[in-house]
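>>> Need coordinates for the following:
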Amino acid sequence: MVDAVPEAPTGPGLTEVETHGVERIPDADRTAGPLDLFRLAFGGANTFATCVLGAFPILFGLSFWQGLAATVLGLVAGALLLAPMSVFGPANGTNNAVSSSAHLGVHGRVVGSFLSLLTAIAFFSISVWSSGDALIGAAHRLAGLPESDVSYGVAYAVFAGLVLTVCLYGFRFMLFVNKIAVLAASALFVLGVFAFAGDFDPGYTGSFASTSTPMFWPSFIGSALIVLSNPVSFGAFLGDWSRYIPAATPRGRVMGAAFLSQIATLLPFLFGLATASVIAAKAEKYLDPAAPNYVGGLLAISPGWYFLPLCLIALIGGMATGTTALYGTGLDFSSVFPRFSRVRATVFIGTLSIAFIFVGRFALNLAQSISTFATLIITCTAPWMVVMALGYVTRRGWYDPEALQVFNRRQRGGRYWFTHGWNWRGLTAWLVSACLALLFTNLPGQFVGPLGTLAGGTDISLPVGLVLAAVVYLALLFLFPEPRAVYGPDGPRLVRASGAEVPPITGGRTGGGARGRTDMTRGTDRMAATRSLPVERGHRGRA
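As a prediction, the model looks like this:
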């Protein structure tokens, strides 16, 4: 008699509400692949909001070809910066904020949690506003729907409610929505080629006769940095999705999926760039730098038959951006306050975000302020990403998943305890570089830092933050070595290690955030609490 072969685990069903928080995802539930990561990351950026970013080179006075060069430069640089942030999820089975415990300390990981929390709220708000405005504007042109506060309010409420519902179901349902959104939104953008082909002129010259014009380079670099900010905005919560990828998946494939997901956004960026050049030629008033209105200009130049596709782009793309943003918000809030489950945290933050959207839109007119706020958050997030990526390199991709969960279980000690739960090396590198980058920020009419004019009006905040974070962090790791135990069996790469002891994990609740952990794991925790942690225990990410 031949024994039956057990079926491979398939993970939770599509309509089951996800119960996992920031605890390590069980191997049986890690059934996603690099293609799924591509769909989520690309779907979250294949939206109307990205088209708006794509219009900025034209708004800054560049020609179409100059704008295309700035877009490609910013997109490739941003994708290269984002790609390494995808490897922490498969390696540790948790989100990037929790993984940052290894480099910022058990308590210092709250930096990543709040960065992703603020970024997600900002981009959720932007997606609801831009999509709602586009829907009502197109419906007004198509069916005569009044453009009243009531119409906008209903659109925002329905749209935000749909996004919140998808997020409550969790990863599987969000992945299903994005599978549809990627194909549908891409097809609608391609359809736009036919809608605007007759009006589009690739020879659009812009405002600069040559590259020697005084304001050309500030405008070119500023455009590239705006494009670069889009991939960077995913950095803090890319692990929210990649944690469902099995640990054995080659890291090159995972990083390749993250990189290509951003390169693919050249589609909506080009849509925004091309249509903005048409708007500049046919409806210039909508690109007034003092009060730009890309959505209004797009509706003004669109043929009547394309209004419905525009509505669908706004709906589908906004759903993709909103779900990826709000899902990360709830997950990170539950990681900072482990007493909240992912579902409760998502409902709580979602409700606050929706209230913020209505107050900002109808009472305080915060649309421009939230855009500035999002840019400043990204300026602070980029150095954090550098610390994480270099930390992964120096650790050779080796981590101790149990020690990463110390904060969530209200415990003390472990490999990543450092100085009372804070790793001042990573925190100093992040804080110094982020603060200096903010000083160099130059957003005319919105926010200009004290050093923002030193580069001739060019915003160099991101390059300053990235370079400074790399230099300071590596210097601190070399001058003040971390304990040998945090580096795993093969030791550190590029930096030195000290012989300092690491304290055992004690106190707290051994079952804490990981509700589905096995008795064997609990036994391991009890043994770990009575002795110093061995170097061999942990997990290595494939290089």
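>>> And what about the closest residue to residue 480 other than its chain neighbours, helix, strand or coil?
Sequence neighbours aside, residue 425 is the residue nearest to residue 480 in space, at 6.1 Å (criterion: CB to CB, 6 or more residues apart in numbering). Bear in mind the C-beta positions are built from the backbone N, C-alpha and C, glycine included. Following DSSP: H, G, I helix; E, B strand; the rest coil, the label given to residue 425 is helix.
>>> Can you name the residues that contact residue 425?
Taking CB atoms under 8 Å, 6 or more residues apart in numbering as the criterion, residue 425 is in contact with 473, 476-477, 480, 482.
>>> do residue 43 as well
Residues touching residue 43, when contacts are defined by CB under 8 Å, 6+ apart, comprise 177-179, 181-182, 185, 320, 324.
>>> and stretch 22-34, which residues are buried?
22-25, 29-34 (16 or more other CB atoms under 10 Å).
>>> CA-only coordinates of it in CSV, if you can.
In CSV, the C-alpha atoms belonging to stretch 22-34 read as follows (Å, rounded to 0.1, in the frame of the first residue of the first chain):
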residue,chain,number,x,y,z
VAL,A,22,4.3,41.5,12.7
GLU,A,23,5.2,38.1,14.1
ARG,A,24,7.2,35.9,11.8
ILE,A,25,4.9,34.5,9.1
PRO,A,26,4.8,30.7,9.4
ASP,A,27,6.5,28.8,6.5
ALA,A,28,3.1,27.2,5.5
ASP,A,29,1.6,30.6,4.9
ARG,A,30,4.6,32.0,2.9
THR,A,31,3.3,31.1,-0.5
ALA,A,32,3.9,34.3,-2.4
GLY,A,33,6.6,34.8,-5.0
PRO,A,34,8.6,37.6,-6.6
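>>> What's the mean pLDDT across that stretch?
Along stretch 22-34, the predicted confidence averages to a pLDDT of 86.
>>> With stretch 388-402 instead?
With pLDDT averaged residue by residue, stretch 388-402 scores 95.
>>> what about it, how long is it end to end?
Distance across stretch 388-402, first residue to last, is 18 Å (CA to CA, to the nearest Å).
>>> what residue is smack in the middle of this protein?
Geometric centre of the chain, nearest residue: residue 234, 1.5 Å, by CA atoms, centre = their mean.
>>> contacting residues for that residue?
Contact criterion CB under 8 Å, 6+ apart gives 41, 44-45, 82, 85, 262, 324 as the residues in contact with residue 234.
>>> Who wins on neighbours among those?
Sorting those by how many neighbours each has (other CB atoms under 10 Å) puts residue 44 first, at 33 neighbours.
>>> Quick check: the spatially closest residue to it that is not a sequence neighbour vs residue 127, distance?
Beyond its immediate neighbours in the sequence, the residue positioned closest to residue 44 (CB to CB, 6+ apart) is residue 324, lying 3.6 Å away. When CB to CB, to the nearest Å is applied, the distance between residue 324 and residue 127 equals 9 Å.
>>> Same check on residue 219?
Look at residue 219 and residue 127: by CB to CB, they are 27 Å apart.
>>> Could you check which of the two is surrounded by more residues?
The neighbour count for residue 219 versus residue 127, taken as other CB under 10 Å, is higher for residue 127 (29 against 24).
>>> Which is the succeeding secondary structure element to the helix or strand containing residue 377?
Secondary structure assigned from DSSP states H and E places residue 377 in helix 367-394. Taking DSSP H and E as the definition, the helix or strand that follows helix 367-394 towards the C-terminus is strand 398-399.
>>> Which other helices and strands does that next one contact?
Helices and strands touching strand 398-399, as assessed by 3 or more CB pairs under 8 Å, 6 or more residues apart in numbering; DSSP states H and E, comprise strand 539-540.
>>> mean confidence score for the strand it packs on?
Averaging pLDDT along strand 539-540 gives 56.
>>> Likewise for stretch 94-105?
Mean predicted confidence for stretch 94-105 is 93.
>>> circling back: got the contacts of residue 425 as JSON lines, with neighbour count and secondary structure columns?
Putting these into JSON lines (neighbours: other CB atoms under 10 Å; DSSP: H, G, I helix; E, B strand; the rest coil) gives the following:
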{"residue": "473", "neighbour count": "27", "secondary structure": "helix"}
{"residue": "476", "neighbour count": "20", "secondary structure": "helix"}
{"residue": "477", "neighbour count": "22", "secondary structure": "helix"}
{"residue": "480", "neighbour count": "13", "secondary structure": "coil"}
{"residue": "482", "neighbour count": "27", "secondary structure": "strand"}
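>>> Tabulate those residues in CSV, adding columns for pLDDT.
Below are these laid out as CSV (pLDDT from 0 to 100):
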residue, pLDDT
473, 98
476, 97
477, 97
480, 96
482, 97
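>>> and the contacts of residue 43, which of them are in helices?
For the contacts of residue 43, membership in helices holds for 177-179, 181-182, 185, 320, 324, with DSSP state H as the criterion.
>>> coming back round to it: from the buried residues of stretch 22-34, which single one is nearest residue 269?
Using CB to CB, residue 34 is the member of the buried residues of stretch 22-34 that lies nearest residue 269, at 22.6 Å.
>>> Tell me how far the residue nearest to the closest one when sequence neighbours are not counted lies from residue 89.
Spatially, and ignoring its direct neighbours in sequence, residue 34 is nearest to residue 257 (3.7 Å; CB to CB, 6+ apart). Remark: distance between residue 257 and residue 89 (CB to CB) = 11 Å.
>>> Now residue 309: which helix or strand?
helix 307-336.
>>> ok, and the helix or strand in the protein with the lowest average confidence?
helix 519-528 (a mean of 36; mean pLDDT, DSSP states H and E).
>>> Remind me what the host helix or strand of the residue nearest to residue 34 packs against, helices and strands.
Following DSSP H and E, the helix or strand that holds residue 257 is helix 251-263. Contact here means 3+ CB pairs under 8 Å, 6+ apart; on that basis helix 251-263 packs against helix 34-45, helix 64-82.
>>> which of the ones you listed sits most buried?
Between these, the one whose residues have the most neighbours on average, counting mean count of other CB atoms under 10 Å, is helix 34-45 (a mean of 25).
>>> Helix 251-263 and that helix, what's the angle between them?
20 degrees (axes from the mean of the first three to the mean of the last three CA atoms, to 10 degrees).
>>> could the buried residues of stretch 22-34 go into TSV alongside secondary structure and distance to residue 75?
Shown next, in TSV, are the buried residues of stretch 22-34 (DSSP: H, G, I helix; E, B strand; the rest coil; distance: CB to CB, whole Å):
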residue	secondary structure	distance to residue 75
22	coil	30
23	coil	35
24	coil	33
25	coil	30
29	helix	33
30	coil	30
31	coil	30
32	coil	25
33	coil	24
34	helix	20
